[in-house]
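Asker: I would like to see how this sequence folds:
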Amino acid sequence: MSPAPLIPQGAALVAPPERGMIITSVVVAVLLLLLPWGAELRPWLPDWLLMLLISWSLRAPRMLGPGHAFVAGLLLDLIHGTLLGAHALAYSSAIFAVLAWQRRLEGFDSRGQALHVGPVLLLAALLPLLLSGLVGEGVSDWRPFVAGLIAALLWAPLDALVGLWSSQRRGLGKDARL
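Answerer: I've put the predicted structure just below:
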């Protein structure tokens, strides 16, 4: 059995993921954010929404970009009642960085991508804290730093799951690499 090609071939090259599939997964990520995790557990949770946005923006950069990430970040600011625009800036910056490295990231599998995406997730977790400190709210906690590390560790399984789900939904089978 030959290894999967670095560049997608055939149907994987032509057919982008379905828009409904992307919207459904983003809605599920937002619903995960809305679950009553408890005040002591919430800062330790990885940012599922940002992880999904990054994964989908790598798979379909024309369907999901920094503008969509900005709106998702504003939604997260409204949900959590944090400084308006802090997560929006973090999300759009993260997507911009990932899209700038897209060609490089396409050459790696999910574990290799985690080494590149991990620092982006970590900085996206720290940026709202730094912005809150700059406007005088004070840096409240160091736990989002740990949440960024957890998100970096969970990147490979989440991205593999998104890749498997999108290829099976389009009928490409397990061997298709996006």
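
Asker: any regions of this protein where pLDDT drops low?
Answerer: Applying pLDDT under 70 to the chain flags residues 1-2, 4-15, 138-141, 168-178.

Asker: regarding it, what is its longest helix?
Answerer: Across the chain, the helix with the greatest residue count (assigned by DSSP state H) is helix 143-169.

Asker: helices or strands up against that helix?
Answerer: helix 19-34, helix 48-59, helix 110-134 (3 or more CB pairs under 8 Å, 6 or more residues apart in numbering; DSSP states H and E). For glycine as for every other residue, the C-beta is placed from the backbone atoms N, C-alpha and C.

Asker: the first one vs helix 48-59, what angle?
Answerer: It stands for helix 19-34. Going by axes from the mean of the first three to the mean of the last three CA atoms, to 10 degrees, helix 19-34 is angled at 160 degrees with respect to helix 48-59.

Asker: how about the last one?
Answerer: For helix 110-134 against helix 48-59, the angle between stretch directions is 130 degrees (the same axes, to 10 degrees).

Asker: so for helix 110-134, what gets flagged as buried?
Answerer: 110, 113-114, 116-118, 120-122, 124-129, 131-132 (16 or more other CB atoms under 10 Å).

Asker: ok, the shortest one next?
Answerer: For helix 48-59, the buried set under the neighbour-count rule, 16+ other CB under 10 Å, comprises 48-59.
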